[in-house]
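S.K.: structure, please.
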Amino acid sequence: MLVRDAIPPDAEAVRRLLAGVYREGGAFVGDGPESAGSLAARIGVAPRRSHYAVAVMDGAIVGWSELQRSPARRLEHVAVLTLAVAPHARRGGVGRALLHAGYEWCARVGVLKMSLNVRAGNLAAVRLYESEGFEHEGRETGQIRLLGGEGDGFEDNLIMGKWFGAWGRAPGS
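M.R.: Residues are numbered from 1 along each chain as shown. Presented below is the predicted three-dimensional model:
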């Protein structure tokens, strides 16, 4: 497996990967992936504000990670993570490798904290993040409405974060 920075020609393969994860239900919150054109336009733009990486196995993209920093100076020390791994590549180190590529980017650009949102029912993802030192920072009760094949009702959204460098933990804690 190779983890590398994404490039605009990766956009269609990334869109297909994300579409597959959306079809599964249970992982993402939105209604579906953005278009390949929109993805391609974002990849490689503002490399100090965002980071896009892919995991490639046997010539196919099997993982994607995205980190976004806020343009607000008071929030730019935080990067928000989105991570996706193809079902057949899960539990093989793809997610962990993408996280580590993200950590390297954070160190290069001065990000002090990585934050993420994960559905409470996505236990494999929650366990991965916990094993990487992410801490539970909050829970939004009933934040996600279940639709279609997901059943009826609502699911909680978990907010998790990981501090880097000298901070190690949130200041003041």
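S.K.: helix or strand for the residue lying closest to residue 126 once chain neighbours are set aside, which one?
M.R.: Of all residues not flanking residue 126 in the chain, residue 118 sits nearest, at 5.8 Å (Cβ to Cβ, 6 or more residues apart in numbering). All C-beta spots, glycine's among them, are computed from the backbone N, C-alpha and C. In this assignment (DSSP states H and E), residue 118 forms part of strand 113-119.
S.K.: partner strands of that strand, with direction?
M.R.: strand 78-85 (parallel), strand 154-163 (antiparallel) (DSSP bridges).
S.K.: quick one: contacts for the most centrally placed residue in the chain?
M.R.: The centroid of the chain falls nearest to residue 82 when counting by Cα atoms, centre = their mean (1.8 Å). Listed by Cβ atoms under 8 Å, 6 or more residues apart in numbering, the contact partners of residue 82 are 64, 65, 66, 67, 68, 116.
S.K.: what's the host helix or strand of residue 137 packed up against?
M.R.: Assessed by DSSP H and E, residue 137 sits inside strand 135-145. Counting contacts by 3 or more Cβ pairs under 8 Å, 6 or more residues apart in numbering; DSSP states H and E, strand 135-145 packs against strand 154-163.
S.K.: ok and the strand it packs on relative to strand 135-145, angle-wise?
M.R.: Computed by axes from the mean of the first three to the mean of the last three Cα atoms, to 10 degrees, the angle separating strand 154-163 from strand 135-145 equals 150 degrees.
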